[in-house]
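K.L.:
Turn this into a structure:
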Amino acid sequence: MACLLVLTTGCANGTSFLSDIENAPKWFLDKIPESEAEGYPAAANTPPRPDDMMPLEFWEIKLAKLQSDRDKVLASERAEQVPADQNSEEFLAESLEFSDVVRFNEAEYAAEDAAAAAKLDQ
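P.N.:
You can find the predicted model right below:
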């Protein structure tokens, strides 16, 4: 039964190919004898990888080094985190003060604005 199914599928695909080839452009039909004469390239003639591509072992070593560097950075970031003895209320107040961007920028650039205004008044 399975053999019959395979044969039926193969015949169905073959007939659809033949019907498609009848509608193929002329340049495609002209190339058929050429490609049949040359045949398909042998898999033994294909290189295992392009010459300019690094082997897989190289990339595995590079990945291991990157993961090691990542672990070092994460460990140093964890060590630099806020100490536990910091007062959370002070931290919240500082964060709210810095989050007010408009007020922060006004305080930061007040001297520059005053100097610019003095130049305009002259």
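
K.L.:
Just give me the neighbour total for D71.
P.N.:
10 (other Cβ atoms under 10 Å). For the C-beta atoms, the positions are set from N, CA and C on the backbone; glycine is no exception.

K.L.:
Distance from whichever strand or helix holds S76 to the middle of the chain?
P.N.:
Assigned by DSSP states H and E, S76 falls within helix 56-79. In this view, helix 56-79 has its centroid 18 Å away from the chain centroid, taken as Cα atoms, centre = their mean, to the nearest Å.

K.L.:
What segments of this protein are helices?
P.N.:
For the chain, the helices defined by DSSP state H occupy 2-22, 26-38, 56-79, 88-99, 101-121.

K.L.:
average model confidence for the second one?
P.N.:
What that stands for is helix 26-38. Per-region confidence: helix 26-38 scores 84 on mean pLDDT.

K.L.:
now swap in the longest one and tell me
P.N.:
Regarding helix 56-79, the rounded mean pLDDT is 91.

K.L.:
Same question for the shortest one.
P.N.:
Averaging pLDDT along helix 88-99 gives 80.

K.L.:
Quick one: list the elements packing against that helix.
P.N.:
For helix 88-99, the packing partners by 3 or more Cβ pairs under 8 Å, 6 or more residues apart in numbering; DSSP states H and E come out as helix 101-121.

K.L.:
Could you work out which of the helices of the chain reaches nearest to A44?
P.N.:
Evaluated with Cβ to Cβ, the helices of the chain place helix 26-38 nearest to A44, the distance being 16.2 Å.

K.L.:
Quick one: distance of the closest one to the chain centre.
P.N.:
In terms of Cα atoms, centre = their mean, the centre of helix 26-38 is found 40 Å from the chain centre.

K.L.:
So A37 versus E22, what's the distance?
P.N.:
A37 sits 22 Å away from E22, going by Cβ to Cβ, to the nearest Å.
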